[in-house]
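> quick one: sequence and predicted model below, then my questions.
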There are 4 protein chains.
Amino acid sequence: MEEIANFILRAAKLIKNEEVNKALELLIEAYENNKKILVVGAGRSGLVGKAFAMRLMHLGFNVYVLGETITPSVRSGDILVAISGSGSTELILTAARIAKNVGARVIALTSYPDSPLGRLADHVVRIPGRTKIAEERDYFARQILGIHEPLAPLGTLFENTAMAFLDGMISELMKILGKSEDDLRRRHANVELP
Amino acid sequence: MEEIANFILRAAKLIKNEEVNKALELLIEAYENNKKILVVGAGRSGLVGKAFAMRLMHLGFNVYVLGETITPSVRSGDILVAISGSGSTELILTAARIAKNVGARVIALTSYPDSPLGRLADHVVRIPGRTKIAEERDYFARQILGIHEPLAPLGTLFENTAMAFLDGMISELMKILGKSEDDLRRRHANVELP
Amino acid sequence: MEEIANFILRAAKLIKNEEVNKALELLIEAYENNKKILVVGAGRSGLVGKAFAMRLMHLGFNVYVLGETITPSVRSGDILVAISGSGSTELILTAARIAKNVGARVIALTSYPDSPLGRLADHVVRIPGRTKIAEERDYFARQILGIHEPLAPLGTLFENTAMAFLDGMISELMKILGKSEDDLRRRHANVELP
Amino acid sequence: MEEIANFILRAAKLIKNEEVNKALELLIEAYENNKKILVVGAGRSGLVGKAFAMRLMHLGFNVYVLGETITPSVRSGDILVAISGSGSTELILTAARIAKNVGARVIALTSYPDSPLGRLADHVVRIPGRTKIAEERDYFARQILGIHEPLAPLGTLFENTAMAFLDGMISELMKILGKSEDDLRRRHANVELP
């Protein structure tokens, strides 16, 4: 657990401010124009996306999770937040392409800006994840070493980092929009179901 | 399959018009006052509820499914549509009680108007389901006979009937609100995820 | 509601016995060899698929829903049950292709055996749905007339028919496997969550 | 984001080894006796629970998420992992009580061992979360200060900490069971749906 926390801490310093600020700007723009935010991710990245969507709802955003019951059509001007460590999950790419086709903008959270998702996106925030050193294209690999494989298998580091990053975004959005914790609590589900 | 279809057909004649009309009235009232509709059901009844919620979204209702990611708090004036064949599923009751406490109204779809859910609800639509004849309180049992147990185990008949009933409600709502199929298609998800 | 019930009843007579029997055979074979059944569908078809998966679980099948938390990898010998009225939902096709690539077999439930999904599948059960008469390739259109559009918008008829059809399959599987309703009840979730 | 990472790091040092070891022991015992693990949590805690359940599945555990489609009945000897920062979410308590009644054991992850959930559980792992200093019963409050409210609203710190903690548990389970990352990859969904 300490390794994961240490990784997130180092990752926090590696994520580029200008990438974050641009993402915040796009989200605020959607908020002000009452456009929709749609969140998508596969597997554990999808769960992290849902945790983010829930907080955006608490903040008053017009937000949906792709694949849930009441998610309406994506439209021009909407924003798709696509979360994929590898940037090459086939079904996320399909979703992103459809979104692009109707004129929505795609923000990608990925460890690989050069991946298919990264190239397709309008804006990328590079989120460090564990990367094999052999995959030299990843510059994070050289800076974040010493994470032995079994300590955080598969996408674990990416997912934990993405969750903390997105919660950091929520904190920034609260400041920008002048929202208090009580504002969030008022929208928070009072019939909390598992 | 024919037994199920025959059951739905007979059930369609047993559901009381006045119960249906009152439910339509409550939904239209919520629509016009921009109040929320929240749908809840356990297991297969929950899936039927989601199918209904999806169509309400297509119609432009402000609708949510309890337990999904972006479902906000239930408030006074909102409507909870609670679906439970037995009317005694513990967690549905808990949800209904919370809704009542905040001033929301509860529409129950159940085979048992005398069940805890039925008694708690502001309005009940009685939906026939398979009922053991020994349970004499169910008047449907005497009218819909001949369904042998294995042909439709557990809540199957209730669930299929509830789905057809709710789709019938959608048809009525389309007429009342003057919505065409194209109106629905415009809101229908264009990134259809499994 | 009566229109929907009447449609299901007529559809029950149109679904071909040999297509049903072959599907039952494939499911029983997977059951006996302890292979996985994976169910997938988009939107309301996905909900119908989940209702089917729940009953297969009650029957003791090794069944999963694509996209849920604990769904493992698809393997050779597994069966993918893909549900799509149009047979051309992009993400269902992607899922079906991946399944084929690893050596799983695909059973398609669709109104269009000539659709991309229909052609890709190892076995198709043709399930009637509402079809525009102009789409002459659908032979059901000529037999099931008189359903006015607004009475059952979009995929409504397909979805209700597919649900009743799959519950009919469950009934058949119970007989073949010699399972009683009590057997199902024992596996039925006792912590029923919405 | 750095505040969150720093919180997780300090929390990692506060979580008691003996509480963790006992939890590992219970999970391993269930694994060896082929008993089920059932995971439950409301809202974002539920998402963290799903992320944990997914990894347990990758490790070969017989694991389910309460409320999903194919979740079977809870039985004597099974383990319910219940995640609730406050330990007083009504519907989690209902689920935990049902589990206790059938003879399952409950492991609670909560910031409040004295909460209703904490008292009901067979075993508690105390996970630090943000706590108001006025709530003096929480000893973490005195040790983890300086987290200003708006930086991590509502349950954010608990949820991020719980996620990193549970991923740390996965790492321990991999060691105990002698599983490699490749073992996990083999079970990882190959049809990754959002």
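That came through, no problem.

> ok, which stretches of chain A are strands?
A:37-41, A:63-65, A:79-83, A:105-110, A:123-126 (DSSP state E).

> neighbouring strands - and their directions - for the second one?
For strand A:63-65, the paired strands and their directions (DSSP bridges) read strand A:37-41 (parallel).

> now the angle from the strand it pairs with to strand A:105-110?
Angle, strand A:37-41 to strand A:105-110, by axes from the mean of the first three to the mean of the last three C-alpha atoms, to 10 degrees: 30 degrees.

> how far does strand A:37-41 sit from its chain's centre?
8 Å (C-alpha atoms, centre = their mean, to the nearest Å).

> run the angle between that strand and strand A:79-83 for me.
Here the directions of strand A:37-41 and strand A:79-83 differ by 20 degrees (the same axes, to 10 degrees).

> quick one on the thing from earlier: just put the strands of chain A in TSV and tack on mean pLDDT.
Output for the strands of chain A, formatted as TSV (pLDDT from 0 to 100):
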stretch	mean pLDDT
strand A:37-41	97
strand A:63-65	97
strand A:79-83	98
strand A:105-110	98
strand A:123-126	98
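
> what's the closest of those strands to A:Phe7?
Comparing the strands of chain A against A:Phe7 with C-beta to C-beta, the closest turns out to be strand A:123-126 (14.8 Å). Where C-beta positions appear, they are placed from N, C-alpha and C, glycine not excepted.

> near chain D at all, that closest one?
No. Against chain D, strand A:123-126 shows no contacts by C-beta under 8 Å from any C-beta of the partner chain, the least distance being 11.5 Å.

> just the buried positions in that strand, please.
Buried residues in strand A:123-126, counted by 16 or more other C-beta atoms under 10 Å in any protein chain shown: A:124-126.

> and if you look at stretch A:86-99?
Buried residues in stretch A:86-99, counting neighbours by 16+ other C-beta under 10 Å, are found at A:86-87, A:89-96, A:98-99.

> rewinding a little: so which of the strands of chain A is nearest C:Phe165?
strand A:63-65 (29.6 Å).

> could I get the strands of chain A in JSON lines, plus columns for distance to D:Ala164?
Formatted as JSON lines, the strands of chain A follow (distance: least, C-beta to C-beta, whole Å):
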{"stretch": "strand A:37-41", "distance to D:Ala164": "18"}
{"stretch": "strand A:63-65", "distance to D:Ala164": "23"}
{"stretch": "strand A:79-83", "distance to D:Ala164": "18"}
{"stretch": "strand A:105-110", "distance to D:Ala164": "18"}
{"stretch": "strand A:123-126", "distance to D:Ala164": "20"}
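
> the ones you listed: which one's closest to C:Lys22?
strand A:37-41 (35.9 Å).

> and for A:Leu177, the neighbour number?
Applying other C-beta atoms under 10 Å in any protein chain shown, we find 15 residues neighbouring A:Leu177.

> nearest to B:Thr71, of the strands of chain A?
Nearest of these (C-beta to C-beta): strand A:63-65, 10.8 Å.

> C-alpha coordinates for the lengthiest helix in chain A, PDB please?
Criterion DSSP state H: the longest helix present in chain A is helix A:156-177. Extracted in PDB, the C-alpha atoms of helix A:156-177 (Å, rounded to 0.1, in the frame of the first residue of the first chain):
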ATOM      1  CA  THR A 156      -3.200  -0.900 -10.600                       C
ATOM      2  CA  LEU A 157      -0.900   2.100 -10.500                       C
ATOM      3  CA  PHE A 158      -2.600   3.900 -13.400                       C
ATOM      4  CA  GLU A 159      -6.000   3.300 -11.800                       C
ATOM      5  CA  ASN A 160      -5.100   4.600  -8.300                       C
ATOM      6  CA  THR A 161      -3.300   7.500  -9.800                       C
ATOM      7  CA  ALA A 162      -6.200   8.400 -12.100                       C
ATOM      8  CA  MET A 163      -8.600   8.300  -9.100                       C
ATOM      9  CA  ALA A 164      -6.500  10.600  -7.000                       C
ATOM     10  CA  PHE A 165      -5.900  12.900 -10.100                       C
ATOM     11  CA  LEU A 166      -9.600  13.100 -10.800                       C
ATOM     12  CA  ASP A 167     -10.400  13.900  -7.200                       C
ATOM     13  CA  GLY A 168      -7.800  16.600  -7.400                       C
ATOM     14  CA  MET A 169      -9.600  17.900 -10.400                       C
ATOM     15  CA  ILE A 170     -12.900  18.000  -8.400                       C
ATOM     16  CA  SER A 171     -11.100  20.100  -5.800                       C
ATOM     17  CA  GLU A 172     -10.000  22.500  -8.400                       C
ATOM     18  CA  LEU A 173     -13.500  22.700  -9.900                       C
ATOM     19  CA  MET A 174     -15.000  23.400  -6.500                       C
ATOM     20  CA  LYS A 175     -12.700  26.400  -6.200                       C
ATOM     21  CA  ILE A 176     -13.400  27.700  -9.700                       C
ATOM     22  CA  LEU A 177     -17.100  27.300  -9.300                       C
END
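
> on that earlier part again, ok, the buried residues of strand A:123-126 vs D:Arg75, which is closest?
After measuring the buried residues of strand A:123-126 against D:Arg75 - C-beta to C-beta - the closest member comes out as A:Val125, at 44.8 Å.

> how about that closest one, nearest residue that isn't a chain neighbour?
A:Glu19 (4.6 Å; C-beta to C-beta, 6 or more residues apart in numbering or on different chains).

> tell me the contacts of the one you found?
By C-beta atoms under 8 Å, 6 or more residues apart in numbering or on different chains, the residues touching A:Glu19 are A:123-126.

> separation between it and chain C?
A:Glu19 sits 29 Å away from chain C, taking C-beta to the nearest C-beta, to the nearest Å as the criterion.

> for A:Asn62, same thing?
Applying C-beta to the nearest C-beta, the value for A:Asn62 to chain C is 20 Å.

> likewise for A:Ser88?
With distances taken as C-beta to the nearest C-beta, A:Ser88 is found 13 Å from chain C.

> repeat that for A:Ala30.
Taking C-beta to the nearest C-beta, one finds A:Ala30 at 24 Å from chain C.

> skipping its backbone neighbours, what lies nearest that residue in space?
In space, A:Ala30 is closest to A:Ile79, 5.0 Å off (C-beta to C-beta, 6+ apart).

> the one you found reaches A:Val40, doesn't it?
No. Using C-beta atoms under 8 Å, A:Ile79 is not in contact with A:Val40, being 11.2 Å away.

> the more surrounded of those two?
For A:Ile79 versus A:Val40, neighbours defined as other C-beta under 10 Å are more numerous around A:Val40 (29 against 26).

> I'd guessed that one sits against A:Tyr64; true?
No. Proximity of A:Val40 to A:Tyr64 does not meet the contact threshold set by C-beta under 8 Å, at 9.7 Å.

> mind listing the helices for chain A?
Taking DSSP H as the criterion, chain A carries its helices at A:2-14, A:17-32, A:43-58, A:90-101, A:116-120, A:140-143, A:156-177, A:181-187.

> deepest of those helices, which one?
Comparing the helices of chain A by mean neighbour count (mean count of other C-beta atoms under 10 Å in any protein chain shown), helix A:43-58 ranks first with a mean of 26.

> the residue lying closest to A:Asn33 once chain neighbours are set aside and A:Ala30, how far apart?
Closest residue to A:Asn33 apart from its sequence neighbours, by C-beta to C-beta, 6+ apart: A:Gly77 at 6.7 Å. Distance, A:Gly77 to A:Ala30, using C-beta to C-beta, to the nearest Å: 8 Å.

> against B:Pro116, how distant is A:Glu192?
21 Å.

> returning to that earlier point: where among the helices of chain A is average confidence lowest?
In terms of average pLDDT, helix A:140-143 trails the rest of the helices of chain A, at a mean of 44.

> which ones are touching A:Thr69?
B:50, B:53-54, B:57, B:65, B:68.
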